[in-house]
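>>> Below is the sequence, then the predicted model.
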Amino acid sequence: MLIKVLADEFLLSASSNTTVNNAVVVRVVHTGTQEHVITIGDGAGSNIGSFTILNNSELILEKDRTDTLQVDSGTDVKVVSVAYKN
């Protein structure tokens, strides 16, 4: 998979949610040793769902521009807006 970085990478926060620069596609990287739960919310503040990201892993997530992301705890999950091509 080929990705194009569209913004600066930053830490996903446990204290606030983010649209990741209104991204539709997000690269999520977990550099720590403990699993984390990522919660996806809609623009109105309701939860859409959540998933566990394993330690030392990464994934590409597709979402709506107004959807938000938030991590359960820690400072070892990074996100960045990307475009991708298979």
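Ah, there it is.
>>> What backbone torsions are found at D72?
Dihedral pair for D72: phi -70, psi -40, per degrees, to the nearest 10.
>>> Alpha carbons only: can I get the strand of greatest length in the chain in CSV?
Counting by DSSP state E, the longest strand found in the chain is strand 77-85. This file holds the C-alpha atoms of strand 77-85, laid out as CSV (Å, rounded to 0.1, in the frame of the first residue of the first chain):
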residue,chain,number,x,y,z
VAL,A,77,-0.7,6.4,19.9
LYS,A,78,0.1,8.7,17.0
VAL,A,79,-2.2,9.7,14.1
VAL,A,80,-1.8,11.4,10.8
SER,A,81,-4.1,12.2,7.9
VAL,A,82,-3.2,10.3,4.8
ALA,A,83,-4.3,9.4,1.3
TYR,A,84,-3.8,5.9,0.1
LYS,A,85,-3.6,3.8,-3.0
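>>> Each with direction, which strands does that strand pair with?
Using DSSP bridges, strand 77-85 pairs in its sheet with strand 2-5 (antiparallel), strand 10-11 (antiparallel), strand 25-30 (antiparallel).
>>> separation between the spatially closest residue to K78 that is not a sequence neighbour and D8?
Nearest residue to K78 in three dimensions, chain neighbours excluded: V29, at 4.7 Å (CB to CB, 6 or more residues apart in numbering). C-betas here are computed from N, CA, C, even on glycine. According to CB to CB, to the nearest Å, V29 stands 13 Å off from D8.
>>> So these two - more neighbours on which side?
More crowded of V29 and D8, by other CB atoms under 10 Å: V29, with 16 against 8.
>>> What segments of this structure are strands?
2-5, 10-11, 25-30, 36-41, 47-53, 57-62, 68-71, 77-85.
>>> now for these, which one comes closest to T19?
For those, proximity to T19 was assessed by CB to CB; strand 68-71 is nearest, at 5.5 Å.
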